[in-house]
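Prediction below, plus the sequence it came from.
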2 protein chains.
Amino acid sequence: MTYALAIHGGAGDLPILSSRDEREEYAQSLSAALDIGRGLLQQGGRSLDAVEAVIRALEDDPKFNAGRGSTLNYAGQHELDASIMDGRTGSCGAVAAIRSVRHPISAARGVLEESPHILLSGQGADDFAKEMGLELVEDGFFRTQRCVDTWQRALGRAQAAEKDVEKDHFVTVGCVALDEDENLAAGTSTGGMLLKRHGRIGDSPLIGAGTFADNRTCAVSCTGIGERFIESCIAFDVSALMRYRAWTLDQSVQHIFEHTLPDRSGGLIAVGHDGSLALRFNTRGMYRGAANSKSVCREGQCGWARPK
Amino acid sequence: MTYALAIHGGAGDLPILSSRDEREEYAQSLSAALDIGRGLLQQGGRSLDAVEAVIRALEDDPKFNAGRGSTLNYAGQHELDASIMDGRTGSCGAVAAIRSVRHPISAARGVLEESPHILLSGQGADDFAKEMGLELVEDGFFRTQRCVDTWQRALGRAQAAEKDVEKDHFVTVGCVALDEDENLAAGTSTGGMLLKRHGRIGDSPLIGAGTFADNRTCAVSCTGIGERFIESCIAFDVSALMRYRAWTLDQSVQHIFEHTLPDRSGGLIAVGHDGSLALRFNTRGMYRGAANSKSVCREGQCGWARPK
């Protein structure tokens, strides 16, 4: 085993994909993104580069709630969040409520590489991305008919004070990787929660909440109701359990799902410093896939499967 | 011992206070803030209320970098950050890059009480505070002559590419408390780093980085170079060491200063579930004070004292 990686395309309770064809399309997208990461890592590429490349592909795919195709906030706007962390150095970068960058994960990488800061928000994040020379797009680029339809339905129900089942559907994307130099990296990107308040920041751009990587322990990317991951620092907690209790990745993740994370909150993917993998969720499903140099598990193909 | 609390008014390397009179003024302000918290806790008040009341007083005091008197960002604007957490319930609230609220800590408390979200940023945070009916102020309210003078000097040096010593001075404020019902709370409020990029979010509004509270372990508030506290989730890490290694508060804090936090990064205050207190820093000084039902330690009076 010389490398390992895992990806997620969000977790949720609602099997909104009515047709088999649609499920197959998601599986193919996840499979293609997984292969981008495998290709880079097989050639000896860095985990940080693999994480960024995989997430860029998922951001470009309008099926996922990240980059193009992101959900709309209550005001009908896009505000995108992303973060990335290098487990070798502990360096990290993140952007929150960014609005004009095609690939928020690359803006986060830019913050990691070029800024003394870790988290830039709002117009400050957009201005930084522009200075970095990243590809900028108009708001219309992110907007798909499906996003608009979903937003309008949800808004109608919210205004009628009906329970909004579509809010239980969180299609954040993320990737964690271990490369052949034994360096870990993690990244997460999202359009955030449907109908979120403008300016709301979820767990995805927060180091220790939605994303964490430390070569001594593991790399983690989360998806779900962001607030449940923020208040318990879920990504960091996986790492803390491994460090302080000398537990395996699997034991640490299991503990968090049994004792910390409320039911139906979401899921996470993680890779340990030893190449162990964990993909776990307490919603009805989580789009996911994983691979190492020995095998590939395209679990995304099982769509909204029950956790084992 | 029926209650315990600690406060900080920031940590830094620079003894910028030239006169004994100035040092005495800081000591008096800290002492008065400490007494507000003591008064509430002595009467059986809640730790969450004590934390908010103490921080409101420090926000109103123009000597501290929080609320009125906050430092200016590179663009010469105020962007304020605050967070608060209830150790009993794990509920928390935070605002980042807020610009129009007299007491950012009360906006954070509003998010905790009234919002399904945890972290609101930018205009979204200001709009929320307005809806909550919190006291709004014009930008001029926060601006003191001292802030403007400091900003102009720092900007001049930055533009001349000189090392900016005043950036080593971080006067965030914070409070942690244990009440007689054995409930913990923590809060932090700041104007952020002098000359920070607009939109930069530091550790103060990030749960687990600058603020954390959990009745099982401790309540923590940090101050210093925010990025060093974000990348290692310092506030949560104190709690994790206590939970997972069954260490005392003092052992946990000591470990972090010896093994995790880089030298000259800042400091933290913490109170354990058993009423133990820790006030530690690796800068030249930290404004601070602490008290419990048996004694009062107005360490703020020693000004920029060396850590023991």
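Sure, I can see it. Numbers count the residues shown, from 1 in each chain, chains lettered A, B, ... in the order given.

In the stretch 101-250 of chain A, mark out all the strands, start to finish.
Using DSSP state E, counting those that start in this stretch, the strands of the stretch 101-250 of chain A run over A:119-121, A:169-170, A:173-178, A:184-190, A:200-201, A:211-213, A:218-224.

could you dump the ones you listed to CSV with distance to residue B:145 and mean neighbour count?
Just so you know, the C-beta spots here come from the backbone N, C-alpha and C atoms, and that holds for glycine as well. Below are those laid out as CSV (distance: least, C-beta to C-beta, whole Å; neighbours: other C-beta atoms under 10 Å in any protein chain shown):
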stretch, distance to residue B:145, mean neighbour count
strand A:119-121, 29, 30
strand A:169-170, 48, 26
strand A:173-178, 48, 34
strand A:184-190, 43, 33
strand A:200-201, 33, 30
strand A:211-213, 42, 33
strand A:218-224, 46, 33
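
Determine which of these shows the lowest mean per-residue pLDDT.
The weakest mean pLDDT among these belongs to strand A:169-170, with a mean of 58.

Does residue A:5 touch residue A:174 like I think?
No - counting by C-beta atoms under 8 Å, residue A:5 does not reach residue A:174; the two are 11.0 Å apart.

before we move on, back to that, reformat the strands of the stretch 101-250 of chain A into a markdown table and put distance to chain B next to each item.
Converted to a markdown table, the strands of the stretch 101-250 of chain A look like this (distance: least, C-beta to the nearest C-beta, whole Å):
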| stretch | distance to chain B |
| --- | --- |
| strand A:119-121 | 4 |
| strand A:169-170 | 14 |
| strand A:173-178 | 17 |
| strand A:184-190 | 13 |
| strand A:200-201 | 4 |
| strand A:211-213 | 8 |
| strand A:218-224 | 12 |
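
OK, now which residue of the stretch 151-300 of chain A is nearest to chain B?
Residue of the stretch 151-300 of chain A nearest chain B, by C-beta to the nearest C-beta: residue A:199 (1.9 Å).

Give the closest residue to that residue in space, chain neighbours not counted.
Nearest residue to residue A:199 in three dimensions, chain neighbours excluded: residue B:124, at 1.9 Å (C-beta to C-beta, 6 or more residues apart in numbering or on different chains).

how many other residues sit next to that neighbour?
By other C-beta atoms under 10 Å in any protein chain shown, 27 other residues sit near residue B:124.

Quick check, it in contact with residue A:196.
No - the pair residue B:124 and residue A:196 fails to qualify as a contact (C-beta under 8 Å) at a distance of 9.1 Å.

Ignoring the adjacent residues along the chain, who's closest to residue A:243?
Excluding its sequence neighbours, the residue lying closest to residue A:243 (C-beta to C-beta, 6+ apart) is residue A:217, at 5.5 Å.

cool, and residue A:171?
residue A:10 is the one closest to residue A:171 (C-beta to C-beta, 6+ apart), at 3.2 Å.

quick check, that neighbour in a strand?
Yes - according to DSSP: H, G, I helix; E, B strand; the rest coil, residue A:10 belongs to a strand.

Around it, how many other residues sit close by?
27.

mind checking pLDDT for it?
Residue A:10 is assigned a predicted lDDT (pLDDT) of 88.

show me the contacts for it.
Taking C-beta atoms under 8 Å, 6 or more residues apart in numbering or on different chains, we find residue A:10 in contact with A:64, A:65, A:169, A:170, A:171, A:172, A:173, A:223, A:286, A:287.

Also residue A:56?
A:67, A:103, A:105, A:106.

My guess is the first one contacts residue A:81. True?
I take that to be residue A:67. No - in this structure, residue A:67 is not within contact of residue A:81 by C-beta under 8 Å, at 11.1 Å.

joint contacts of these two?
With contacts taken as C-beta under 8 Å, 6+ apart, residue A:67 and residue A:81 have A:104, A:189, A:191 as neighbours in common.

Now the last one. Nearest residue, chain neighbours left out?
Distances taken as C-beta to C-beta, 6+ apart put residue A:70 closest to residue A:191, at 2.4 Å, once the chain neighbours are dropped.

just the first one next, same as before
Nearest non-adjacent residue to residue A:104, counting by C-beta to C-beta, 6+ apart: residue A:82, 3.7 Å away.

hmm, back to that, which residues does the residue nearest to residue A:199 contact?
Per C-beta under 8 Å, 6+ apart, neighbours of residue B:124: A:97, A:197, A:198, A:199, A:200.

Same check on residue A:275?
A:1, A:3, A:4, A:178, A:292.

Just the buried ones from those residues?
A:3, A:4, A:178, A:292 (16 or more other C-beta atoms under 10 Å in any protein chain shown).

Check the offset of stretch A:255-262 from the chain's centre.
On the basis of C-alpha atoms, centre = their mean, to the nearest Å, stretch A:255-262 sits 19 Å off its chain's mean C-alpha point.

Next to chain B, which bits of the stretch 151-300 of chain A? Give me the list.
For the stretch 151-300 of chain A, the residues in contact with chain B (C-beta under 8 Å from any C-beta of the partner chain) are A:196-202, A:206-209, A:212, A:226-227, A:230-233, A:236-237, A:240-241, A:244-245.
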